[in-house]
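Participant: turn this into a structure:
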Amino acid sequence: MTLLTVRGVTKEFVTRGEGAMARRSTFTAVDDVSFDVELGETLAIVGESGSGKSTTARIAARLLEPTRGSVVFDGQDVTRARGKDLARFRNDVQVVFQDPFSSLNPRYPVERIITAPLTYQGITPPNGRRAFAQELMARVGLNPDQFRRYPAQFSGGQAQRIGIARALAVNPKLVICDEAVSALDVSIQAQVLELLMRLQRESGFSYVFIAHDLAVVRQISQRVAVMNRGRIVELGSREQVFGDPQHDYTKTLLAAVPRINPEWDARRRRRDG
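Facilitator: Predicted coordinates:
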């Protein structure tokens, strides 16, 4: 079943140079992008900085309006949704951002942060907000007794788990992860990725996973879209994109991924016995 359909999406930004006589110009950040996301699937969108992948994600989440094109979610065109239709969409689609500390209000304790989507949707949990927040904290691997703490009292990995818990509060159908692990240390990245995959197995929601790290993409995705200069230049299964890339840009990205020297690896295996 197709959950999200993005068709012909283009995003243009108007820029203006310095000075009184400066001319306005148009910059195309996303150019005629189309893709689908199936129910329970993880689609990774990968590319270098400036490729348009985060802008695409924000359009899919209705955080940005497209200049042209459409976004259809669960059979409904939400491209220009307003009012109750937009509120319903916000309930079904949540975003986990790159920098957890900039996306978490530093003045609010964890309990209030996690339950903020419930407040926005006018939902009251049966057992109260505190119990609800504590349950979600435990689900994402946080100590439920720390619900009174503030974001600054947590590590980067823990703060990202708070962001994930907040995203799960309204039981979404789609979670968009915009570079959600790129700011974390490698060991913490692995823990958060394992958490994301476990939560997907438990709840069956879909991911759009934005990243520039191909090693991360290979671990979490079923399908991969490669973006360059605002366009999708290759789209296919993980096995096809990594095993038999067709576009030169994809081949260049894969060639840049660090690989273990075979001799070093053989020595390590002999040493470890």
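Participant: following the one helix or strand residue 94 maps to, which helix or strand shows up next?
Facilitator: Per DSSP states H and E: residue 94 is located in strand 93-96. Tracing the chain C-terminally past strand 93-96 and defining elements by DSSP H and E, one meets helix 100-103 next.
Participant: show me what that following helix is packed up against.
Facilitator: With contacts defined as 3 or more CB pairs under 8 Å, 6 or more residues apart in numbering; DSSP states H and E, helix 100-103 has these neighbours: helix 156-168. The way it works is simple: take the backbone N, C-alpha and C, and place the C-beta from them, glycine included.
Participant: parallel or antiparallel, list what pairs with whichever helix or strand comes after the helix it packs on.
Facilitator: From helix 156-168 onward toward the C-terminus, using DSSP H and E, the following helix or strand is strand 174-178. According to DSSP bridges, the neighbouring strands of strand 174-178, each with its direction, are strand 93-96 (parallel), strand 206-211 (parallel).
Participant: output strand 174-178 as CSV, nothing but the C-alphas.
Facilitator: Output of strand 174-178 as CSV, limited to C-alpha atoms (Å, rounded to 0.1, in the frame of the first residue of the first chain):
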residue,chain,number,x,y,z
LEU,A,174,5.2,8.3,8.8
VAL,A,175,8.3,9.6,10.5
ILE,A,176,10.7,11.8,8.6
CYS,A,177,14.2,11.7,9.9
ASP,A,178,16.1,14.7,8.6
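Participant: I'd like the mean pLDDT over that strand, please.
Facilitator: Strand 174-178 shows an average pLDDT of 95 in the prediction.
Participant: any idea how far it is from the chain center?
Facilitator: 3 Å (CA atoms, centre = their mean, to the nearest Å).
Participant: buried stuff in it?
Facilitator: Judged by neighbour count (16 or more other CB atoms under 10 Å), strand 174-178 contains these buried residues: 174-178.
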